[in-house]
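Peer 1: please find the sequence and the predicted model below.
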Amino acid sequence: MQSFGEMQSMATNIFSAYASVAASMMLFRSMANDIIPQPVKAFVCSVFIRFFRHFFDRFFKKLSPHMTIVVDENTGITRNQIYDAAEIYLRTKINPDADRLKANKSTKQRNINLSMVKDQEVVDFYEGFEVKWQFMLVEPEGDRASFKSEKRYFEATFEKINKETVVNEYLPFVLAKAKEIKEKERPVKLYTRDCPYHDDDEGGNRSGNWGCINLDHPVTFDKLAMDQNLKGAIIEDLDRFLRRKDYYKEVGKAWKRGYLLYGPPGTGKSSLIAAMANYLKFDVYDLELSSLYSNSELRRILLRTNNKSIIVIEDIDCSAQTHDRDREGDGDSESDYMDSTNNKFTLSGLLNFIDGLWSTCGDGRIIIFTTNHKEKLDPALLRPGRMDMHIHMGYCTPEGFDILALNYLRINDHPRLFPEIKGLIREVEITPAEIAEHLMRNEDVDLALEGVLGLLKQKKDEQGKVLEGSDVKENKNNGNEGVQEDNKKEKEKGKKKGKFGKIVTSLIKFKRQSSKAAIVKCSNCEKIKS
Ligand SMILES: Nc1ncnc2c1ncn2[C@@H]1O[C@H](COP(=O)(O)OP(=O)(O)OP(=O)(O)O)[C@@H](O)[C@H]1O
């Protein structure tokens, strides 16, 4: 056992040793402070801190059941498709109660998009597991910060056991969903050969012969004044067409559909095409047959159309090439019009393309012919299987008038004037276009309706005189019979270009006068764009 004196001297030794170590440390520290420059000290410290952080991270992450996938905005110099897709897809998953969001809209976009702000989290569920997305933004630091762009990326965190599902199923699902959303938001385009330029053509048609503008046509099926059953049948047909993409492939048929729209001018054929385009979100190609010189040109032009599009050939009866059959051959059979050299444009060239060549290229095409005179059309065009649906657009009916009154005057009824107007509509032939025009003439409901009434009375007088001594046709909407009065034919003479073409022309004019205010006439409204 140690004596008290020995213990005392040991403590003294320990204290003196501690004092000398402390003194040396202080001396060393003050020397280091004087000798080692500040940046070197900062560097040594940061190395230590990084080393320990890395060590701890690795240790604790080994125990974590989660993993994180980083989705950078760019991969090298190109954009990362997954980043773009995640940005679009996650917009639909943002918590509606979020306190802070970003609002974006480019000149090309129609709507304002809300997106995530820095560090914001969005939780998504896929196949029963959770994927937590976080938007990260790193601002550049240092002297040259203003020359560098910020770094943006997403972090997707989920349980490690779901790694395979996330990579092989979830991320492809996000890509597909984003594509779908983009398709829906994309404005429908109107392509025409008259248009000299493209409005944001992402479809890759830049090298083709088509120019395009946005089809800002507000018409939808519910705004169309036409037989409700027919309208329902068209929508059903379009839905079936969209649904059966794989079916067409299975039975070895091209995924295409043909419609023939016929009826007097002003009954809504062009409006129906615009409604179909808006419903399907298909672009429209307005093909002017009179501008074509050969079958090969036609083929080249049609091959440069995008998938999922509507090709419109208006007023097919007015096209000299398609009804002047004598020039093409001498008989009735289609083969008579074959032009083996492909040096001129022929009806058979068009029909062959619709039937055959087209099948080998492209997907999701709708071809629409319009005519005011179905009876004038070449029987080859009407052959079963060529045009899948023949749609008659007739004169206005009382039910059609209800839709027009709701569209233009926002009224469902008018006890004083509706019964008289509807009674006259049953008696006279009047187009929805004529009624629409009169409904738009006055903001005052009574005055607008009285205008329509006056027009109907005037029409009744005129038609009464023309039909003097002859029976009034019982069913004016029955097929094309109602179109055949001579006075109407006269009126339609010289009308070579449909309203659809006129809309194209006015839209192009508007684009050219971008600095001035231009008035663009739409289907059912006068829109002032500036
Ligand atoms: N059925 C309808 N429903 C609603 N509006 C219509 C209808 N028919 C015509 N209109 C109105 O009349 C205008 C002209 O109609 P539209 O150009 O669609 O007729 P169309 O049958 O194609 O005529 P055309 O044979 O002269 O090209 C449209 O912009 C629309 O405002």
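Peer 2: Great, that's in hand.
Peer 1: where does residue 362 land on pLDDT?
Peer 2: pLDDT for residue 362: 61.
Peer 1: I meant residue 243, not that one.
Peer 2: Predicted confidence (pLDDT) for residue 243: 92.
Peer 1: can you check residue 469 too?
Peer 2: pLDDT, residue 469: 55.
Peer 1: so for stretch 40-56, what gets flagged as buried?
Peer 2: Judged by neighbour count (16 or more other C-beta atoms under 10 Å), stretch 40-56 contains no buried residues. C-beta here means a position set from N, CA and C on the backbone, and glycine is covered the same way.
Peer 1: please apply the same query to stretch 164-182.
Peer 2: By neighbour count on 16+ other C-beta under 10 Å, the buried set for stretch 164-182 is 165-166, 170-171, 173-175, 178.
Peer 1: with stretch 229-237 instead?
Peer 2: By 16+ other C-beta under 10 Å, the buried positions in stretch 229-237 come out as 230-231, 234.
Peer 1: which among the residues you listed gets closest to the ligand?
Peer 2: Lowest distance from the ligand to the buried residues of stretch 229-237 (C-beta to the nearest ligand atom) belongs to residue 231, with 9.6 Å.
Peer 1: helix, strand, or coil at that closest one?
Peer 2: Secondary structure assignment for residue 231 (DSSP: H, G, I helix; E, B strand; the rest coil): helix.
Peer 1: just residue 100 next, same as before
Peer 2: Classification of residue 100 by three-state DSSP places it in coil.
Peer 1: neighbours of it, just the number please.
Peer 2: Applying other C-beta atoms under 10 Å, we find 9 residues neighbouring residue 100.
Peer 1: I'd say it and residue 120 touch.
Peer 2: Yes. Counting by C-beta atoms under 8 Å, residue 100 touches residue 120, with 7.2 Å between them.
Peer 1: tell me the pLDDT at the residue nearest the centre of the chain?
Peer 2: Against the mean C-alpha coordinate of the chain, by C-alpha atoms, centre = their mean, the closest residue is residue 186 at 3.0 Å. Per-residue pLDDT puts residue 186 at 80.
Peer 1: okay if I get the buried residues of stretch 229-237 as CSV plus pLDDT and distance to the ligand?
Peer 2: Formatted as CSV, the buried residues of stretch 229-237 follow (pLDDT from 0 to 100; distance: C-beta to the nearest ligand atom, whole Å):
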residue, pLDDT, distance to the ligand
230, 95, 11
231, 96, 10
234, 97, 12
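Peer 1: quick check on whichever residue of the stretch 151-300 of the chain sits closest to the ligand: phi, psi?
Peer 2: Proximity to the ligand, evaluated over the stretch 151-300 of the chain using C-beta to the nearest ligand atom, is greatest for residue 268 at 2.7 Å. Note on residue 268: its backbone torsions stand at phi 100, psi 20 [degrees, to the nearest 10].
Peer 1: wait, isn't it in contact with residue 227?
Peer 2: No. Applying C-beta under 8 Å as the test, residue 268 and residue 227 come out as separate, 11.1 Å apart.
Peer 1: neighbour count winner among those two?
Peer 2: Using other C-beta under 10 Å as the criterion, residue 268 and residue 227 rank with residue 268 on top: 26 against 18.
Peer 1: mind checking pLDDT for the closest residue to the ligand within the stretch 1-150 of the chain?
Peer 2: Nearest to the ligand, among the residues of the stretch 1-150 of the chain, is residue 110, at 21.1 Å (C-beta to the nearest ligand atom). On the pLDDT scale, residue 110 is placed at 70.
Peer 1: can you check residue 292 too?
Peer 2: Listed pLDDT for residue 292 reads 77.
Peer 1: residue ranges of each domain in the chain, please.
Peer 2: Taking the TED database as the reference, the chain has its domains at 22-55, 72-185, 192-323+345-392, 398-469.
Peer 1: hey, which of the ones you listed is tucked in deepest?
Peer 2: domain 192-323+345-392 (a mean of 18; mean count of other C-beta atoms under 10 Å).
Peer 1: run the chain-centre distance for that one.
Peer 2: Mean-position distance between domain 192-323+345-392 and its chain equals 17 Å (C-alpha atoms, centre = their mean, to the nearest Å).
Peer 1: what's the end-to-end length of it?
Peer 2: With C-alpha to C-alpha, to the nearest Å as the measure, the ends of domain 192-323+345-392 fall 25 Å from one another.
Peer 1: and if you look at stretch 406-425?
Peer 2: Stretch 406-425 has an end-to-end distance of 16 Å (C-alpha to C-alpha).
Peer 1: ok, now stretch 286-303?
Peer 2: OK, stretch 286-303 end separation, C-alpha to C-alpha: 14 Å.
Peer 1: do any residues in it lie close to the ligand?
Peer 2: No. Contact of stretch 286-303 with the ligand (C-beta under 6 Å from any ligand atom) is absent, the minimum separation being 11.7 Å.
Peer 1: can you show me the helices along the stretch 301-450 of the chain?
Peer 2: Under the criterion DSSP state H, counting those that start in this stretch, the stretch 301-450 of the chain contains helices at 320-323, 347-355, 379-382, 398-409, 418-427, 432-440, 445-466.
Peer 1: just give me how far the lengthiest helix in the chain sits from the chain centre.
Peer 2: In the chain, with assignment by DSSP state H, the single longest helix is helix 4-35. Computed by C-alpha atoms, centre = their mean, the chain-centroid distance of helix 4-35 equals 80 Å.
Peer 1: and what of stretch 443-452?
Peer 2: So, by C-alpha atoms, centre = their mean, the centroid of stretch 443-452 is 37 Å from its chain's centroid.
Peer 1: any idea which helix or strand comes after whichever strand or helix holds residue 260?
Peer 2: For residue 260, the element it lies in under DSSP states H and E is strand 256-262. Using DSSP H and E, the helix or strand that follows strand 256-262 in sequence is helix 269-280.
Peer 1: what helices and strands are in contact with that next one?
Peer 2: Under the contact criterion of 3 or more C-beta pairs under 8 Å, 6 or more residues apart in numbering; DSSP states H and E, helix 269-280 touches helix 228-243, strand 256-262, strand 283-286, strand 309-313, strand 365-371, helix 499-512.
Peer 1: can you redo the buried residues of stretch 229-237 as a markdown table with distance to residue 274?
Peer 2: Shown next, in a markdown table, are the buried residues of stretch 229-237 (distance: C-beta to C-beta, whole Å):
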| residue | distance to residue 274 |
| --- | --- |
| 230 | 17 |
| 231 | 14 |
| 234 | 13 |
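Peer 1: from those residues, pick the one nearest residue 222.
Peer 2: Closest approach to residue 222 among the buried residues of stretch 229-237 (C-beta to C-beta): residue 231, at 8.7 Å.
Peer 1: flag every residue of the stretch 201-350 of the chain that's near the ligand.
Peer 2: 224-226, 265-271.
Peer 1: and those residues, which two are the farthest apart?
Peer 2: Maximum pairwise distance in those, criterion C-beta to C-beta, is 16.0 Å, between 224 and 265.
Peer 1: quick one: secondary structure of the closest residue to residue 274 other than its chain neighbours?
Peer 2: Sequence neighbours aside, residue 217 is the residue nearest to residue 274 in space, at 4.0 Å (criterion: C-beta to C-beta, 6 or more residues apart in numbering). Reduced to three states with three-state DSSP, the structure at residue 217 is coil.
Peer 1: quick check: pLDDT value at residue 217.
Peer 2: The score at residue 217 is 75. That number is its pLDDT.
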